[in-house]
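In: Got a predicted structure plus its sequence, pasted below:
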Amino acid sequence: MSISIPRQFSFACLLGGLAALLFLFCVAELPLTPIGHDQMWYLYAAQQQLAGTMLYGPHLVDTNPPLIIWFSTVPVLISRLLHIRPDAGLNGILAIMILGSVLWSVRILRKTPQGLSASYVALLGCAVIVAEFAQFVGTRLHFAGFQIAGYSLGQREHLLVILIFPYVLARATRAAQHLGWAERCALGIAAGIGICFKPQQALILVALELFFVLYTRRPRHVLTPEALAAVLIGVCYVLLVRLVTPVYITQIMPLLRDTYGAFGGLSLKFIYQGNRRNAASLLVSVAASLLLLHRLRDRVTVYALLACVSGATAAFLLQHKGWMYQFRPVSAFYLFLLIYVICGVLEPVLRRLDAEWPKRPVLATAALTCVVALLLVQTLDIRKNMALAPASFEQLPAADDLFAQLTPGTPVYVLSATLAVFPTVYRHHLGWGGRFPCLWMLPAIIRNETGSTEPGIPFKRLPPENVVSLANLQRTDTAEDLDYWRPAVILVEQCNASHPCSFFLLKGYDFDMLAWFLKSAQFRSAWSHYQQQSPIPGFTVYRRID
């Protein structure tokens, strides 16, 4: 008895099913993917805001504009409604957002004037899934399936990629001109919100629109509904911040201009040395894509995507940090560009397979069986490793053992310029005894006070009176936090040759953090309630004695 397959079932249908399974694989691995310390802080800050603490008030302050905190209140509310962890609520929102972005992107690809084949669109749908779930430096293939890169999931750069992708595809493929006015405005609104999460990445849209200005030689063609909507959203957001959280503009931004550059700041040379392999792979792949252009019907889209990669790269370098989650926009557009070129070269083969697939029922059935088997193996692998999933990327066993002894809700604090301990605080549901997630102003202050730094690592030299003012502000704020929250346990990071404080970037420089703070009479008064305990690796432990 022969197997008959309906004519409607084509190779494109199989690829569409593969895209759906790929999406399910990635969603299923979300519980295995611990979020980073920044995302934990955003969720904690959102919880505090919902509890009545005023954002950018005296007890809750963040260096970022408020949108990421406002956004983080949504997973917190969902977690309370469904009685799940806030990070699980965040994963659920990310899955829904990515699904919407992928479906919207596929719809846009079907509207392209190039008339892409159904199989081509299905494969590009897979490419969007890969670009929005995976990161270039963190992507790896397992025998059992696909491994997503999790440290940047839920970061502002990741949210930007999800929201901006449909806009980029609509403009790059020129499909926007075949969309309705309302949908084009919606594209601009989504992209504008994405840029509000990470304003530096506006360079992506600037590079994209600049390319089309040079390509068409008609600057007025930039005045599209989607571009105007994106600009309008940005203007509205600035006005909203000015009205709702004016302190961010009047107080936080001046501090950022003076001190944030020294917080993990790196020169372009150091960033390149730390990402040499990624840069080489990126350049080789881009060069290979350009060499294959003569085999593509649509070269303009490739050039437009290259403009997006260039804009994202410029935004990454301008931040002078080198943190890999900031590399995610580059990764996303790079991965999509690579797959787009490969699919373009194989498009004649895809069209032929799409036409002949229904005539090969045995092959179709075998392929479907393999895909289903892959899904089952991946599911079993996820269940097997669920218990082995790390709680976070930062693992400090000594701090974990110490905080595990405390009652949930107990306030603790860490005198450090990093957030390395905060995931442990968050996992044990403890309170945080500070207004900021870390002492992010301290590196700039110490570098200006010592007048030294590593070669090639820039920082802004401030007038002496500004340095004194910032030092007094840091000590006063910290003393006020200790008096207000009265942390039961405080860890003081040790900065010496055996445990260098990486964010100071002063190798071989011994810095006594506690002695620096004790120069303030107000801090000495607040610190008089604490007694030293047995240290843990990298930190001195103090407990409140009253």
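Out: Nice, thanks for sending it over. Residues are numbered from 1 along each chain as shown.
In: Mind exporting the C-alpha coordinates of stretch 101-117 to CSV?
Out: Output of stretch 101-117 as CSV, limited to C-alpha atoms (Å, rounded to 0.1, in the frame of the first residue of the first chain):
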residue,chain,number,x,y,z
SER,A,101,8.7,39.0,16.4
VAL,A,102,9.3,35.9,14.4
LEU,A,103,5.7,35.7,13.0
TRP,A,104,5.8,39.3,12.1
SER,A,105,9.2,38.9,10.4
VAL,A,106,7.9,35.9,8.4
ARG,A,107,4.8,38.0,7.3
ILE,A,108,7.2,40.8,6.2
LEU,A,109,9.4,38.4,4.3
ARG,A,110,6.4,37.1,2.4
LYS,A,111,5.7,40.7,1.2
THR,A,112,9.1,41.3,-0.3
PRO,A,113,9.1,42.5,-3.9
GLN,A,114,11.7,39.9,-4.7
GLY,A,115,9.1,37.2,-4.5
LEU,A,116,10.9,34.8,-2.1
SER,A,117,10.0,31.2,-2.4
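In: Please spell out which residues along that stretch are buried.
Out: 101-102, 104-109, 111-112, 114, 116-117 (16 or more other C-beta atoms under 10 Å). The way it works is simple: take the backbone N, C-alpha and C, and place the C-beta from them, glycine included.
In: Which stretches in the stretch 301-450 of the chain count as helices?
Out: 328-345, 347-356, 361-385, 397-404, 422-427, 442-450 (DSSP state H, counting those that start in this stretch).
In: These: lowest mean pLDDT?
Out: Across those, helix 361-385 has the smallest mean pLDDT, namely a mean of 57.
In: In helices only, show me the buried residues of stretch 101-117.
Out: 101-102, 104-109 (DSSP state H).
In: rewinding a little: ok, the buried residues of stretch 101-117 vs residue 520, which is closest?
Out: Nearest to residue 520 among the buried residues of stretch 101-117: residue 101, at 49.2 Å, using C-beta to C-beta.
In: For the ones in helices among the buried residues of stretch 101-117, give me TSV that also has pLDDT.
Out: Shown next, in TSV, are these (pLDDT from 0 to 100):
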residue	pLDDT
101	96
102	95
104	96
105	95
106	93
107	93
108	95
109	91
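In: with these in mind, which one is nearest to residue 325?
Out: For these, the nearest to residue 325 is residue 101 (18.5 Å; C-beta to C-beta).
In: how far away is that closest one from residue 117?
Out: 22 Å (C-beta to C-beta, to the nearest Å).
In: which ones are touching residue 519?
Out: residue 475 (C-beta atoms under 8 Å, 6 or more residues apart in numbering).
In: For residue 47, what is the enclosing helix or strand?
Out: According to DSSP states H and E, residue 47 maps onto helix 37-50.
In: and the angle for the helix or strand following that helix with helix 37-50?
Out: As assigned by DSSP H and E, the chain's next helix or strand after helix 37-50 is helix 67-82. Orientation of helix 67-82 against helix 37-50 (axes from the mean of the first three to the mean of the last three C-alpha atoms, to 10 degrees) gives an angle of 70 degrees.
In: In helix 67-82, which of the residues would be classed as buried?
Out: For helix 67-82, the neighbour count (16+ other C-beta under 10 Å) marks 67-73, 75-76, 78-79 as buried.
In: one step back: using TSV, please lay out the ones in helices among the buried residues of stretch 101-117 together with distance to residue 344.
Out: Formatted as TSV, those follow (distance: C-beta to C-beta, whole Å):
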residue	distance to residue 344
101	22
102	20
104	21
105	17
106	17
107	20
108	17
109	12
